[in-house]
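1. next input, structure requested:
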Amino acid sequence: MKSIPNILTVLRLLACPLLIYLFSISNNLWALIIFVLACLTDFFDGYLARKGSFKSNFGKIFDPFADKILIITMLVSILTFTSLNEIAHVYIAFYIIIIREIVVSLLRFNLTDENKSIDVNILSKYKTFIQMISIGLFIVVFVWEDYADIMNDALYDMKLIIVISSVFFIWLSAFITVLTGIQHFKTFLKLKK
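-> Model (predicted):
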């Protein structure tokens, strides 16, 4: 029972190559399903670790790492295998998030030799949740486009709402990503003294 949170974290990591493959063959519906399941592993591993007091050094290191790998995988896959020409400005938000996640991961790894760590704060948890929501909404748009021939014009307004929501949430997550990145960098500097 104690290993279930760690197994869920590993499953989230294992979902990443599968998601890349699904995007590469434009199977957006399955990509959406696998992504939602991967996001649920993040919720349940944290819930089980806290409720059952199953916290471990493995989970402390690899849970945030798995989140970052999942988010980066999805953003790079969207950048590589899809087209968002009408809302190309969101690419800037994607790059902000990708760069921040890589930098914070490097800061965390830099502290492992000293047995120190940058703890995940509540704002970082919200950031990850909002990133997952925004990415999920983008994938819903891709699925919608895949099945455009069976969608009627009456549902066009719904698609427009989803597109606007995805843009709003990706920019919100980029903003929170920058804020938490600054917080983590300040924590890193204090721990390095």
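2. how close does the residue positioned nearest the centre of the chain get to Asn121?
-> Centrality entry for the chain: nearest residue to the mean C-alpha point is Ile71, 2.9 Å, by CA atoms, centre = their mean. Using CB to CB, to the nearest Å, we find Ile71 at a distance of 17 Å from Asn121. For the C-beta atoms, the positions are set from N, CA and C on the backbone; glycine is no exception.
3. strands of this structure, residue ranges please.
-> Here the chain has no strands by DSSP state E.
4. so, low pLDDT: which residues of it?
-> Along the chain, segments meeting pLDDT under 70 span 1-2, 52-54, 151-154.
5. residues near Leu79, how many?
-> Using other CB atoms under 10 Å, Leu79 has 15 neighbouring residues.
6. show me what contacts it?
-> Tyr91, Phe94 (CB atoms under 8 Å, 6 or more residues apart in numbering).
7. straight-line length of stretch 113-124, end to end?
-> Its start and end residues considered, stretch 113-124 measures 23 Å (CA to CA, to the nearest Å).
8. can you count the residues close to the nearest residue to Thr128 once chain neighbours are set aside?
-> Spatial nearest neighbour of Thr128, excluding adjacent residues (CB to CB, 6 or more residues apart in numbering): Asp67 at 5.2 Å. Per other CB under 10 Å, the neighbour tally for Asp67 reads 26.
9. and the gap between Asp67 and Leu172?
-> Asp67 sits 17 Å away from Leu172, taking CB to CB as the criterion.
10. wait, doesn't His184 sit right on Ser105?
-> No. Between His184 and Ser105 no contact is recorded; they are 10.1 Å apart, counting by CB atoms under 8 Å.
11. more neighbours: which of these two?
-> Neighbours per residue, other CB under 10 Å: of His184 and Ser105, the larger number sits with His184, 20 against 15.
12. contacting residues for that one?
-> Val104, Leu107, Ile118, Ser124.
13. against Gly46, how distant is the nearest residue to the last one once chain neighbours are set aside?
-> Nearest-residue entry for Ser124: Thr180, 4.8 Å, with adjacent residues in sequence omitted and distances by CB to CB, 6+ apart. Plainly put, Thr180 is 17 Å away from Gly46 if you go by CB to CB.
14. show me where this structure has its helices.
-> The residue ranges that make up the helices of the chain, judged by DSSP state H, are 4-24, 28-51, 57-81, 90-112, 122-146, 156-192.
15. how about residues contacting the fourth one?
-> Outside of helix 90-112, the residues within contact range by CB under 8 Å, 6+ apart are 61, 64-65, 68, 71-72, 75-76, 78-79, 84, 117-118, 131, 166-167, 170-171, 173-174, 177-178, 180-181, 184-185, 188, 191-192.
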